[in-house]
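Enquirer: everything below, folded, please.
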Amino acid sequence: KRQPYIYGFVGLLLIIILMIGKSKGMRTIISLAFTLYAIVGLLLPMIFSGFSPIISTIFIVILTTGYSLFMLNGASIKTWVAVIATSLGVIISGLSFLVLSQLIHISGFNTDQAEALIIISQQTGLKINEVLFSGILISGLGAVMDVAMSISSTIEEISHQNPELGVKGLFLSGMRVGKDMMGTMSNTLILAFAGGS
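Expert: Okay, the predicted model is just below:
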């Protein structure tokens, strides 16, 4: 009984995105559709086929990041920087999680779906502790992409306004912008995860 309302609101959202964003709005919708397909059509089958959830998620995240940012912003230096920064952040997060999960013995069995996951893992070899990380990584990806593109765009604009600033000056400007964003983005992510849990 809820489907008509859900589809109605999704349709309204798409119409608003198209009205306000015009061609960029259309690219946004295509990018979002690709991301959803990558998660449902690629990531989940990979995980259920026995591939490592962490490696699979890192692969999908890099794929969707590249596709989304290039689709939305075109092939430019700032897009390349944002894609590389996001990808490196995801890889570092994956490696950090692997180390941390070994040190503190994260099992992933404290989730609501633990019983179903145990049955699936017995049939497929699913690594439940890695599924936990996969969910966390996907949840935070939008924020990480947003930060990477915002800083890249800011630095590009600073470079256009003051071409004599040089690499060191641009780097320091980027660090100052990043420090300001770090505080608010940390709160955004923590509040999102707290609300979700």
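Enquirer: how about the helices in this protein?
Expert: Using DSSP state H, the helices of the chain run over 3-37, 44-48, 53-73, 77-104, 114-124, 128-161, 166-196.
Enquirer: the last one - contacts with which helices or strands?
Expert: Think helix 166-196. Applying 3 or more Cβ pairs under 8 Å, 6 or more residues apart in numbering; DSSP states H and E, one finds that helix 166-196 makes contact with helix 128-161. Where you see a C-beta, it was placed from the backbone N, CA and C, and this is true even at glycine.
Enquirer: the first one too?
Expert: Under the contact criterion of 3+ Cβ pairs under 8 Å, 6+ apart, helix 3-37 touches helix 53-73.
Enquirer: quick one: buried residues of the helix it packs on?
Expert: Buried residues in helix 53-73, counting neighbours by 16 or more other Cβ atoms under 10 Å, are found at 53-54, 56-73.
Enquirer: try stretch 32-40
Expert: Applying a neighbour-count criterion of 16+ other Cβ under 10 Å, one finds 34-35, 38-39 buried in stretch 32-40.
Enquirer: just how off-centre is stretch 76-84 within its chain?
Expert: Remark: stretch 76-84 is offset 15 Å from the chain centroid, using Cα atoms, centre = their mean, to the nearest Å.
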